[in-house]
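Student: Could you work out the structure for the sequence below:
(2 chains)
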Protein chains: 2
Amino acid sequence: MRVYDVSRPIHPEMFTYKDKEEKRPRFTVVRDFAADGSGARETRIDLDVHTGTHLDASLHMLPEGPAVHALAPERFFGIAYVADFADREGGIGAAVLRERLHALVAVPSAAPSSEQGEAWRAELRGTFVLLRTRSSLVERFLWDFPYLAADGAEFLAGLQVRGVGIDALGIERDQPGHPTHKILLSRGIAIYEGLNLAEVPEGVYAFFALPLSLVDVEASPVRAVLIDDPELVAYFSKRKGLSA
Amino acid sequence: MRVYDVSRPIHPEMFTYKDKEEKRPRFTVVRDFAADGSGARETRIDLDVHTGTHLDASLHMLPEGPAVHALAPERFFGIAYVADFADREGGIGAAVLRERLHALVAVPSAAPSSEQGEAWRAELRGTFVLLRTRSSLVERFLWDFPYLAADGAEFLAGLQVRGVGIDALGIERDQPGHPTHKILLSRGIAIYEGLNLAEVPEGVYAFFALPLSLVDVEASPVRAVLIDDPELVAYFSKRKGLSA
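Tutor: Numbers count the residues shown, from 1 in each chain, chains lettered A, B, ... in the order given. Alright, predicted model coming up:
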């Protein structure tokens, strides 16, 4: 069992979307130790809920969509496939996603060839698909970050995945009307942005990334982990339909 | 498999420690939808890291103690025992803890009676012990909240538990010098405060409650869940020593 912390540390000097200063977190110590070490420390944090590793709920892009507190916690853990696109630029579309996921997702060998397409779809249904791009390889905001193209979002939505994640601070870039967000969020598919997948090999993992229960808020910072353990993966594989 | 959300929702009107107004969270919408529903919503949250359901790291009470970001994520999940003290007042000490945990924790029946004490200790080592008190039964701050007494903290530290949780917003009350915090935190035992255990029966669960990776900060709000499933409990029971 190996645990990968795929969250980026949160601190006042961290990088932000489009390098905007006003998006940085602010920490304020509101109570501190006495000179002799007695007493206690107490801090307030002030942060944009889209800073660092975070979850977007539907309310981010859909005025009638649910906020983070309204979603059951079991939607935020389960099986995740990490797919590597570190050598790609621009939008990641349906064709390259299909190719990587066919290479990555094992179809039960018992399935006759005529049913392997359906068996492959069944393996992906209810899972998280996490895209590792060159954003994981740097400690700064990439202005030309690789992203999930609209037709890639349609492809994953068609597979009925539970969530989609990327290491960039955005899941799309320069797409008028934000189609990638809307395709996923309108079908209740969670979006994770700002993951750090630098150390994580392609493969299948157990994934835990629960948002804070922020009432009527459209997103939440998360601590996200991937656990590499075949026994735990087998456990969650049997329960993929839990919250689909 | 049943999932209990044991976190309290976070919102500007939530109750705080000693009902202090200045400890409440503040939410600010910094960007919002246009009248036609286009655009997106973006919020900043400003909160005391000890508000609602949260984890205290050692730096809360020990000037040289580690902050939340410095602790490996595998310290924050595993086996949890929920012990019920809803009919008790005041400090929960070693004697009543021993009694409840003996009633609750099954010793492998193969153990000869001379070794049952050690077998019982081995079952508890590396687990989380969560105290359900009458704080779970109300939606307000109890000024006379039941708490973990110093000798109860010594008892749990002696068992080498991984973490201790309580539903009150504090794990101790009116103890000069904060001995309960210091006994636990000086031994690297995580403290969870502000859990909501109202719906949770006594028993054994898988527990997940990871803090945000807040750099050099002494505590973090958490989304905490208990999973009631014998297979998952068996899985984590084999791995209790993981981060001990």
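Student: which SSE is A:Leu184 in?
Tutor: helix A:179-185 (DSSP states H and E).
Student: Name the surrounding residues that touch that helix.
Tutor: Contacts of helix A:179-185 from elsewhere in the structure, counted by CB atoms under 8 Å, 6 or more residues apart in numbering or on different chains, are A:56-58, A:60-62, A:65, A:147-150, A:152-154, A:156-157, A:164, A:171-172, A:190-191, B:40. No exception for glycine: its C-beta is placed from N, CA and C like everyone else's.
Student: Run the chain-centre distance for it.
Tutor: Helix A:179-185 sits 14 Å away from the centroid of its parent chain (CA atoms, centre = their mean, to the nearest Å).
Student: about what we covered before: of the contacts of helix A:179-185, select the buried ones using a PyMOL command.
Tutor: This is how PyMOL selects the buried members of the contacts of helix A:179-185, with burial counted by 16 or more other CB atoms under 10 Å in any protein chain shown:
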select buried, (chain A and resi 56+57+58+60+61+62+65+147+148+149+150+152+153+154+156+157+164+171+172+190+191) or (chain B and resi 40)
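Student: Backbone torsions only: list them for the closest residue to A:Arg31 other than its chain neighbours.
Tutor: Of all residues not flanking A:Arg31 in the chain, A:Glu42 sits nearest, at 4.0 Å (CB to CB, 6 or more residues apart in numbering or on different chains). Main-chain dihedrals, A:Glu42, degrees, to the nearest 10: phi -140, psi 130.
Student: helices or strands up against the worst-scoring helix or strand of chain A on mean pLDDT?
Tutor: For chain A, using mean pLDDT, DSSP states H and E, the weakest element among its helices and strands is helix A:116-124, scoring a mean of 91. Of the remaining helices and strands, those touching helix A:116-124 by 3 or more CB pairs under 8 Å, 6 or more residues apart in numbering or on different chains; DSSP states H and E are helix A:94-104.
Student: Between helix A:116-124 and the helix it packs on, find me the angle.
Tutor: Calculated by axes from the mean of the first three to the mean of the last three CA atoms, to 10 degrees, helix A:94-104 forms an angle of 80 degrees with helix A:116-124.
Student: now helix A:94-104: how far from the chain's centre is it?
Tutor: So, by CA atoms, centre = their mean, the centroid of helix A:94-104 is 18 Å from its chain's centroid.
Student: now swap in stretch A:103-122 and tell me
Tutor: On the basis of CA atoms, centre = their mean, stretch A:103-122 sits 25 Å off its chain's mean C-alpha point.
Student: could you dump it to PDB, C-alpha only?
Tutor: The C-alpha atoms that make up stretch A:103-122 are tabulated as PDB, following Å, rounded to 0.1, in the frame of the first residue of the first chain:
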ATOM      1  CA  ALA A 103      -4.300   1.000 -23.100                       C
ATOM      2  CA  LEU A 104      -4.900   1.500 -19.400                       C
ATOM      3  CA  VAL A 105      -8.200  -0.200 -18.600                       C
ATOM      4  CA  ALA A 106      -8.100  -4.000 -18.400                       C
ATOM      5  CA  VAL A 107     -11.200  -5.800 -19.800                       C
ATOM      6  CA  PRO A 108     -12.000  -9.000 -18.000                       C
ATOM      7  CA  SER A 109     -10.500 -11.700 -20.100                       C
ATOM      8  CA  ALA A 110     -13.600 -13.800 -19.900                       C
ATOM      9  CA  ALA A 111     -15.500 -11.300 -22.100                       C
ATOM     10  CA  PRO A 112     -16.000 -12.500 -25.600                       C
ATOM     11  CA  SER A 113     -14.600 -10.100 -28.200                       C
ATOM     12  CA  SER A 114     -18.100  -9.000 -29.300                       C
ATOM     13  CA  GLU A 115     -18.700  -7.700 -25.700                       C
ATOM     14  CA  GLN A 116     -15.300  -6.300 -24.900                       C
ATOM     15  CA  GLY A 117     -16.400  -2.700 -25.800                       C
ATOM     16  CA  GLU A 118     -19.200  -3.000 -23.300                       C
ATOM     17  CA  ALA A 119     -17.000  -4.600 -20.700                       C
ATOM     18  CA  TRP A 120     -14.500  -1.800 -21.100                       C
ATOM     19  CA  ARG A 121     -17.200   0.800 -20.700                       C
ATOM     20  CA  ALA A 122     -18.400  -1.000 -17.500                       C
END
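Student: pLDDT value on the residue located most distally from the centre of chain A, please?
Tutor: Here the centre of chain A is the reference, and by CA atoms, centre = their mean the most remote residue is A:Asp36, at 43.9 Å. Reading off the confidence values, A:Asp36 has pLDDT 95.
Student: Distance-wise, check it relative to chain B.
Tutor: Noted for A:Asp36: a distance of 10 Å to chain B, by CB to the nearest CB, to the nearest Å.
Student: and if you look at A:Ala206?
Tutor: A:Ala206 sits 10 Å away from chain B, taking CB to the nearest CB as the criterion.
Student: And A:Phe77, by the same measure?
Tutor: Distance, A:Phe77 to chain B, using CB to the nearest CB: 7 Å.
Student: go on, A:Leu210?
Tutor: Between A:Leu210 and chain B the computed distance is 4 Å (CB to the nearest CB).
Student: so what's A:Met61 up against?
Tutor: Neighbour list for A:Met61: A:His178, A:His181, A:Lys182, A:Leu185, B:Ala40, B:Arg41 [criterion: CB under 8 Å, 6+ apart].
Student: how about a markdown table for those residues, with distance to A:Arg132 and pLDDT added?
Tutor: Putting the contacts of A:Met61 into a markdown table (distance: CB to CB, whole Å; pLDDT from 0 to 100) gives the following:
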| residue | distance to A:Arg132 | pLDDT |
| --- | --- | --- |
| A:His178 | 23 | 97 |
| A:His181 | 20 | 98 |
| A:Lys182 | 24 | 98 |
| A:Leu185 | 22 | 98 |
| B:Ala40 | 25 | 97 |
| B:Arg41 | 28 | 98 |
